[in-house]
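next come a sequence and a model predicted from it.
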Amino acid sequence: MVAHAIFTYGTLAFPGVMRAVTGRTFASRRAWVCGFARLRVRGVVYPGLLETGGRCTDGRVYLGVDDQSLARLDRFEDWLYERRVVEVVLLGGAARRVDAWVVPPHHASFLLRVPWDADRFVRRYLHRYLRGCRDFRRLDRVQNPACSNDLQETSYGSEDMDPSPEPRSSRSELASARYGEARPSWSTRCNACPRY
């Protein structure tokens, strides 16, 4: 098994969201990536990272991410993003090449030229988003049994017992409905992405 390092800059930069999606906890460090801007995605609460030159964006690098968690994260990040290697500067000054999910230039039209507000996300959406991410993980374990042996299950309390009979729709499905485009629905991303 290969241990991966990944840079996160939006919802996954919150350790609780990472745990809700992967079912695991990873060591992490604060980091910055230069030449990219964190922008709002139209109509939803999560951001995209777009190569712009000049700007630096803060985030969190998770260390020791296993292959199964990386595969689950690839499924969590939908058609809007592509995983690629970027160079980050860790707190303390060390540079490191890590994976990150960025918005490719041909999807830039789905981004607003407005910075994403993490504080607003926490105040207004984090609780619901966490529930949707846990729903995603449950559904992903059924659809991808090879990734179903989470190393550590986390007890989330009574709010984790969502009796909803239907799984939440994916981010891809939300974007397709919002923008009227037929997009691949291979992702089972959560719909805990309320609209602004």
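Alright, I've got the coordinates.

next structured bit after the helix or strand harbouring A71?
Using DSSP states H and E, A71 sits in helix 67-76. For helix 67-76, the succeeding helix or strand toward the C-terminus, using DSSP H and E, is strand 82-90.

who touches the helix or strand following that following strand?
Scanning forward in sequence from strand 82-90 by DSSP H and E, the next helix or strand is strand 95-102. Contact with strand 95-102 is made by 4-9, 31, 33, 36, 48-51, 61, 70, 73, 77, 81-90, as judged by Cβ atoms under 8 Å, 6 or more residues apart in numbering. From N, CA and C alone the C-beta is placed, and that goes for glycine too.

average pLDDT across strand 95-102?
If you average the pLDDT over strand 95-102, you get 98.

next, the buried residues of it.
V98, D99, A100, W101, V102 (16 or more other Cβ atoms under 10 Å).

same check, this time on stretch 15-26
Neighbour counts over stretch 15-26 (16+ other Cβ under 10 Å) mark G16, V17, M18, R19, A20, V21, T22, G23, R24, F26 as buried.

output these in a markdown table; the columns should cover secondary structure.
Shown next, in a markdown table, are the buried residues of stretch 15-26 (DSSP: H, G, I helix; E, B strand; the rest coil):
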| residue | secondary structure |
| --- | --- |
| G16 | helix |
| V17 | helix |
| M18 | helix |
| R19 | helix |
| A20 | helix |
| V21 | helix |
| T22 | helix |
| G23 | coil |
| R24 | coil |
| F26 | coil |
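
and which of those is nearest to Y125?
Closest approach between the buried residues of stretch 15-26 and Y125, by Cβ to Cβ: V17, at 10.8 Å.

before we move on, back to that, buried subset of the contacts of strand 95-102 as a ChimeraX selection?
In ChimeraX, this line selects whichever of the contacts of strand 95-102 come out buried by 16+ other Cβ under 10 Å:
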select :4,5,6,7,8,9,31,33,36,48,49,50,51,61,70,73,77,81,86,88,89,90
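
what mean pLDDT does the longest helix along the chain have?
In terms of residue count, the longest helix belonging to the chain (DSSP state H) is helix 126-143. Averaging pLDDT along helix 126-143 yields 93.

mind checking how far it is from the chain centre?
12 Å (Cα atoms, centre = their mean, to the nearest Å).

what do you get for stretch 54-67?
Its chain's C-alpha centre and that of stretch 54-67 lie 11 Å apart, by Cα atoms, centre = their mean.

can you list contacts of that stretch?
Here stretch 54-67 has contacts from 1-10, 12-13, 15, 18, 22, 24, 26-38, 49, 73, 88, 90, 96, 98, 151, using Cβ under 8 Å, 6+ apart.

that's all I had, so thanks and see you.
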